[in-house]
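**Q** dropping the sequence and predicted coords here.
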Amino acid sequence: METLGYKYHDNYSVEVPKNLEHGGFSTNIAMVCSKLNKMKPLNLAKKIVAEMEKKRDYKSVSLAGAGFINFTLSNYVYHHMIPMIMFNDYGSSNYGKRRKVILEFVSANPTGPLNVVSARASAYGDSLYRIFKYVGYEPFREFYVNDAGNQVDILAESVELRYRELHGEIISEFPAEAYNGDYIKDIAAKLNSIEGSKLLHYSEKDRLDRMKDFALEEIHRMQVFSLEKFGVEFENWMSEKKLRQEGSIEEVLSWLSEANVTFEKDDAIWFESTKFGDEKDRVLMRADGTITYIVPDIAYHLTKYQRGFDIIIDVLGPDHHGYVPRLKAALEALKYDFHKLEVVFLQHINLFSNGELVKMSKRAGKIVTMNDLIDEVGKDATRYFFLDRRPNSHLNFDLALAKKASNENPVFYIQYAHARICSILKKAKKEKLALNNFDLKQLKRLDKVEEIRLIKKMLSFPEILNQITDKREPHRLATYTLELAGMFHKYYAAFTIINPRYKDLSRCRLFLISAIKNVLAISLDLMGISAPTSMKRKKK
RNA sequence: GUCCCCGUAGCUCAGUUGGAUAGAGCGUUUGACUCCGGAUCAAAAGGCCGUGCGUUCGAAUCGCGUCGGGGACACCA
């Protein structure tokens, strides 16, 4: 536009038509800028097309419709982008403008080991974290621990029963509300090996406190262990107990009452959340003076604001969706920008065993733990299994099937592409086809449609990453990587990479597949999956 | 009763800021290196995108209804 001396503004768009086969772009620039130059769109488009045709950057330029310009770039434009794709931080950017993002996920109750649902949340949250970080956000992973309140009291009592059992007491009836998994026995036994019968002489309160603290510590350790095995870390574990000790409860209560949104009824203190669109009002403090879970939850979310996060994302199970309105109501009442809080719901996992639905129950101790899953299916396959699905898709999960299917998990297809390239590059080294001092002009030999398509696919990578952060949908990376791996496998089968008779061509192709290897490695890393340089041959 | 999610190939799932012939993996059938890794590739079969109406030049994608499946509606968290 500038060389033609026309005025223009930036609100035109360049689009890649859905029909990728013919590759190419389409732009409405002439239509957007016609008024500015007092010309008819079609006439302006003609001038632009004429100018574009003079440049060798464009392979073909054509007019369409009322002034759309379709054009295709010359191959060499693509060729010259390959070196960029080979940078080991290819795709990273400043897209996020260093905005601070807090991702809260898993946040499982500290009353038992992590289960398959936590594995899904881990795969989702951690990959999203990695991608956020890669494109220039400042993300932060947090696990909220509900280590106070009713359920941890029950936890303590459950341990107590098992402990007393160890000392000869016969527990005729194990209460239905108690936690009944084997891990409770393990915790009791471990505590017993440290303390012996000493605790029996404590006062009940002291004994239960000791049980509680010990159990919480043990379970925390179990959870950290599983997460580490899965490659997931948290920057912070936020303790509810600590929040309570710091006086946050009293603060929240007094702020809400200052905001005139609380009232008393039946000796309890209520929050008038219906004022802010909630279905009904919520109890904050019961008649006996204890607090309901909502208060520390509000306090916790306030810290997310106070800590200066620009984007606040909660990853929750679908059973919490009714909980969001009351939380947002409280934020609104306290004059916080409740729009900043986003909630992603990960849908349930229906657990099957040999085709039959299994109900999981932590209380009854009937759960498939995250540990079992990783041990039996493997970290990489498990992560991919959960990652290639949309967050709000329901999914059926059969452990027996998952084990069997782990050999058929698409993740191996991707990893194999990576390993295969590594193997080819190794062979190239033996053939003395080194890529140092490689003359970029040689790249003109990459003139096959498949080669240009591969380059285009890799050039779309940065945009895919940006979209993932916009939509909070890391599964798109799983899909993308699978497609890229597929394109490589097909290319490999159709063309010979190393051919000693055509050394220059071989070098060009090695150059290309090195770029592919790089993108695969980056993608796998962003998904928390390893990129092996070699793989064991599968038995037929 | 109110609210949330889902319904796409035999199975598991992609594809939704509306665009041309709806895709992949697994499974089924048939083929492929004396040569860079056969965990690969080529090809075939398999679809009223649950269903009806609407908006639109154009709908898997948007709206309303309907059917089917899952879930939530606590002074548990």
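**A** Alright, I've got the coordinates. Only a predicted model underlies this, so the values are computations on that prediction, with no experimental measurement involved.
**Q** and the residue in the stretch 51-200 of chain A that RNA strand B sits nearest to, its phi and psi?
**A** Closest contact between the stretch 51-200 of chain A and RNA strand B, by C-beta to the nearest atom of the strand, is at A:Asn146 (3.6 Å). In this view, the C-beta of every residue, glycine as well, is placed from N, C-alpha and C. With angles defined as degrees, to the nearest 10, A:Asn146 sits at phi -80, psi 70.
**Q** quick check: it vs A:Pro462, distance?
**A** To A:Pro462, A:Asn146 is 39 Å away according to C-beta to C-beta, to the nearest Å.
**Q** with A:Leu199 instead?
**A** For A:Leu199 relative to A:Pro462 (C-beta to C-beta), the value is 59 Å.
**Q** do A:Lys432 as well
**A** 34 Å.
**Q** quick revisit: distance of the residue of the stretch 51-200 of chain A closest to RNA strand B from A:Tyr480?
**A** A:Asn146 is 36 Å from A:Tyr480, by C-beta to C-beta.
**Q** quick check: closest non-adjacent residue to A:Met535.
**A** A:Ala419 (4.7 Å; C-beta to C-beta, 6 or more residues apart in numbering).
**Q** that neighbour contacts A:Leu524, correct?
**A** No: taking C-beta atoms under 8 Å as the definition, A:Ala419 is not a contact partner of A:Leu524, at 11.2 Å.
**Q** and the two? Which one has more around it.
**A** A:Leu524 (23 against 19; other C-beta atoms under 10 Å).
**Q** ok, the nearest residue to that one once chain neighbours are set aside - contacts?
**A** Leaving aside its chain neighbours, A:Leu524 sits nearest to A:Ala531 (4.4 Å; criterion: C-beta to C-beta, 6+ apart). Shown in contact with A:Ala531 (C-beta atoms under 8 Å, 6 or more residues apart in numbering): A:415, A:418, A:520-521, A:524-525.
**Q** repeat that with 6 Å
**A** A:418, A:521, A:524 (C-beta atoms under 6 Å, 6 or more residues apart in numbering).
**Q** how near is the first one to A:Leu399?
**A** From A:His418 across to A:Leu399, the span is 28 Å (C-beta to C-beta).
**Q** look up the closest residue to A:Leu114, ignoring the ones flanking it.
**A** That would be A:Met370: by C-beta to C-beta, 6+ apart, it lies 4.1 Å from A:Leu114.
**Q** where does the stretch 251-400 of chain A have low pLDDT?
**A** Within the stretch 251-400 of chain A, the stretches with pLDDT under 70 are A:352-367.
**Q** which residues of the stretch 351-500 of chain A lie near RNA strand B?
**A** For the stretch 351-500 of chain A, the contact set with RNA strand B under C-beta under 7 Å from any atom of the strand comprises A:388-390, A:392-396, A:405, A:407-408, A:410, A:412-413, A:416, A:419-420, A:422-424, A:427, A:473, A:475-476, A:479, A:482, A:486, A:489-490, A:492-499.
**Q** so which of these are in strands?
**A** A:395-396 (DSSP state E).
**Q** among the residues of the stretch 351-500 of chain A next to RNA strand B, which are located in helices?
**A** A:405, A:410, A:412-413, A:416, A:419-420, A:422-424, A:427, A:475-476, A:479, A:482, A:486, A:489-490, A:492-494 (DSSP state H).
**Q** what's the burial count for A:Glu217?
**A** For A:Glu217, using other C-beta under 10 Å, the count is 13.
**Q** helix or strand for it, which one?
**A** Using DSSP states H and E, A:Glu217 falls within helix A:204-229.
**Q** buried residues in that helix?
**A** A:207-208, A:210-212, A:214-216, A:218-220, A:222-224, A:226-227 (16 or more other C-beta atoms under 10 Å).
**Q** same question for stretch A:114-132.
**A** Buried, per 16+ other C-beta under 10 Å, within stretch A:114-132: A:114-132.
**Q** now swap in stretch A:254-269 and tell me
**A** Those would be A:255-256, A:261-262, A:269, for stretch A:254-269 by 16+ other C-beta under 10 Å.
**Q** that older thread, which among the ones in helices among the residues of the stretch 351-500 of chain A next to RNA strand B count as buried?
**A** Here, 16+ other C-beta under 10 Å leaves A:410, A:412, A:416, A:419-420, A:422, A:424, A:475-476, A:482, A:492 buried among those.
**Q** now A:Ile269, which residues is it bridged with?
**A** Applying DSSP bridges to A:Ile269 yields these beta-bridge partners: A:Glu264, A:Met285.
**Q** I figured it hits A:Val283, correct?
**A** No: with contacts defined as C-beta atoms under 6 Å, A:Ile269 does not count as touching A:Val283, sitting 7.3 Å away.
**Q** end-to-end on stretch A:100-108?
**A** 24 Å (C-alpha to C-alpha, to the nearest Å).
**Q** need the contact partners of it.
**A** A:114, A:118, A:121-122, A:125, A:129, A:132, A:137-144, A:304, A:309-315.
**Q** which of those fall in strands?
**A** A:138-144, A:311-315.
**Q** taking the residues you listed, tell me the two that lie furthest apart.
**A** Greatest spacing in these, by C-beta to C-beta: A:Glu138 and A:Tyr144 (19.7 Å).
**Q** more neighbours: which of these two?
**A** Counted by other C-beta under 10 Å, A:Glu138 and A:Tyr144 do not tie: A:Tyr144 has more neighbours, with 22 against 16.
**Q** that one reaches A:Met238, doesn't it?
**A** Yes: taking contacts as C-beta under 6 Å, A:Tyr144 lies within contact range of A:Met238: 5.0 Å.
**Q** could I get the buried ones among the ones in helices among the residues of the stretch 351-500 of chain A next to RNA strand B as TSV with pLDDT?
**A** Output for these, formatted as TSV (pLDDT from 0 to 100):
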residue	pLDDT
A:Pro410	88
A:Phe412	90
A:Tyr416	93
A:Ala419	94
A:Arg420	94
A:Cys422	95
A:Ile424	94
A:His475	93
A:Arg476	93
A:Leu482	93
A:Tyr492	93
